[in-house]
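> 3D model of this:
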Amino acid sequence: METNKGRRGRRKRRQRFKQSSVRPVNLCHESRYVELRKWLKQHGFKCNSLIPVQFSDTGRGLMTTRAIQAGDVLIALPEMCLLTTATVLQSYLGGYIRRWKPAISPLLALCVFLISERHLGTESQWKPYLDILPTSYTCPVYFSDEVVSLLPRVLRRKVLSQRNTIFQLHTHSLAFFKSLQPLFSHPVEDIFTYDALRWAWCSVNSRTVYMEHQQSPDLAKDPDVYAMAPYLDLLNHSPGVQVKAGFNHVTRCYEIRSMQGCKKYQQTFICYGPHDSQRLLLEYGFVAPDNPHSVVYVDPAILQQYFFEVDKQFQQKHLFLKEQGFLTNLTFGPDGPSWKLMTTLRLLCLRPEQYACWKSVLLGSAVSQDVEEQSLGAAWALCRHLMEENKEAVAKVCLQHCCGERHNHTTRCFTTTVFASKVCFHLSFSGLYGLPFSFFPLNSEN
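Numbers count the residues shown, from 1 in each chain. Okay, the predicted model is just below:
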């Protein structure tokens, strides 16, 4: 008897295709992962229960081949596998760093090492690790000006500040880069470019684990808390996961212990911290689904649009709020406006004759019914304003999408634009208005 014929057969085939299209893809056979695991084994790392896998929703990650019980060590990476400032100072760069005054920062030392090792190519002892690092990142410092303009105002300002930080770091380090010329046959200007430093900066910023080190006299006094952790940094983030992480001075390993456990053949997650989506995007280049820490930031400049024209005391109130630290981190959360935002709005809604109440309002004192209603109205007006900003940004991307398809321009810039607009949409109203999360970008390849 013939099978899989007709409508029923087609339905079954579609179901099988759908299931196979979302099935995790084992990456163990790829040469770069084979070389990395071989290299790690030579440095004392023993872990056969976590394998690299390409997941349909989060991209590259690690899957466990055995059940992880609550309290078990998920991964233990020997100290020899960690890339820290001690690694850099013990390398061929050490003498140059020690002689340079003023001393460079721990962050710059790691960046310089990464750039140098990548330039060495096959001669680098760290090549197996460098080969699995992304060649570029989805962090906003990689966004074009056009894409950055689509982001919410508060995030846009932080992106520009972050971009300027890297630019200044590169500019102020040119003389130090030049001092390294004896190490290279190629001009250092062609090696330590802005793009190279941006890549290294994002690598350190997004992939290191927190690990305190003894302050080196050869480096600046900036906090030295970075450790690049090969293989361990393939673990993706999930805000609901509980882990305990840190360096074990007895085993001399950086250990991550699962507090909840994990089923066999499931992706293993860690939590990078209680970060909202804006922080995740800035630091790591992705947003997380169902993030309980998601908030929407309110730009203090928007307050002026609603109060400046009608309140002659606005400038005084604005200065007072700034001095008291009430003009930073004004947010809406899943439960509505934050206490800090509502307190700010209550003060801005006070009448001139209520000047004496300013301090007490910031301390949590109740206000009159009419002031409370006015402040709630202002909060709703801010919500509407943010929604309109978001609609305009999405409309711009839709227009660019149509133009891109019409002219068949499938470029990286366009892909990044769409990515940023979705992030913008998520950062603005995910969790507040019940929007479908399928629209939002998730973890990018780590």
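> per-residue confidence at His401?
Reported pLDDT at His401 in the predicted model: 59.
> list the contacts of Val367.
Going by C-beta atoms under 8 Å, 6 or more residues apart in numbering, Val367 touches 346, 349-350, 357, 361, 375. Placement of C-beta: from N, CA and C, glycine included.
> show me these that map onto helices.
346, 361, 375 (DSSP state H).
> report the buried members of these.
346, 361, 375 (16 or more other C-beta atoms under 10 Å).
> just give me the closest of those residues to Arg98.
Ranked by distance to Arg98 (C-beta to C-beta), these are led by Val361 at 55.2 Å.
> now do the same contact list for the closest residue in space to that closest one that isn't next to it in sequence.
Excluding its sequence neighbours, the residue lying closest to Val361 (C-beta to C-beta, 6 or more residues apart in numbering) is Leu347, at 5.0 Å. Taking C-beta under 8 Å, 6+ apart, we find Leu347 in contact with 317, 320-321, 326, 358, 361-362.
> per the record, what domains does the chain have?
Domain assignment for the chain by automatic domain parsing gives 83-228, 296-439.
> thought Ile104 was touching Ala175?
No: checked against C-beta atoms under 8 Å, the pair Ile104 and Ala175 is beyond contact range at 10.7 Å.
> where do the helices sit along the stretch 151-300 of the chain?
153-172, 174-179, 188-191, 194-207, 277-284, 300-307 (DSSP state H, counting those that start in this stretch).
> show the average pLDDT along the first one.
The predicted model assigns helix 153-172 a mean pLDDT of 95.
> just the buried positions in it, please.
Quick answer for helix 153-172 (16+ other C-beta under 10 Å): 154-156, 158-159, 162-163, 166, 169-170.
> how far is it from where the chain is centred?
Averaging C-alpha positions (C-alpha atoms, centre = their mean, to the nearest Å) puts helix 153-172 15 Å from its chain's average.
> ditto for the fourth one
Between the centre of helix 194-207 and the centre of its host chain there is 13 Å, according to C-alpha atoms, centre = their mean.
> which non-adjacent residue is nearest the residue most central in space within the chain?
The centre of the chain sits closest to Tyr284, judged by C-alpha atoms, centre = their mean, with a distance of 2.1 Å. The shortest distance from Tyr284 to any non-neighbouring residue, by C-beta to C-beta, 6+ apart, is to Ser206 (4.9 Å).
> mind listing the strands for this structure?
25-26, 50-55, 59-64, 73-78, 208-210, 226-228, 236-237, 243-248, 253-258, 267-270, 296-297, 331-333, 336-337 (DSSP state E).
> note down every partner strand of the third one and its orientation.
It refers to strand 59-64. Here strand 59-64 has these sheet partners by DSSP bridges: strand 50-55 (antiparallel), strand 267-270 (antiparallel).
> over to the fifth one?
Within its sheet, strand 208-210 is paired with strand 226-228 (antiparallel), according to DSSP bridges.
> residues in contact with the strand it pairs with: which ones?
82-85, 106-107, 110, 129, 203-204, 207-211, 213, 247, 254.
> so how far is that strand from its chain's centroid?
Worked out by C-alpha atoms, centre = their mean, strand 226-228 lies 16 Å from the chain centre.
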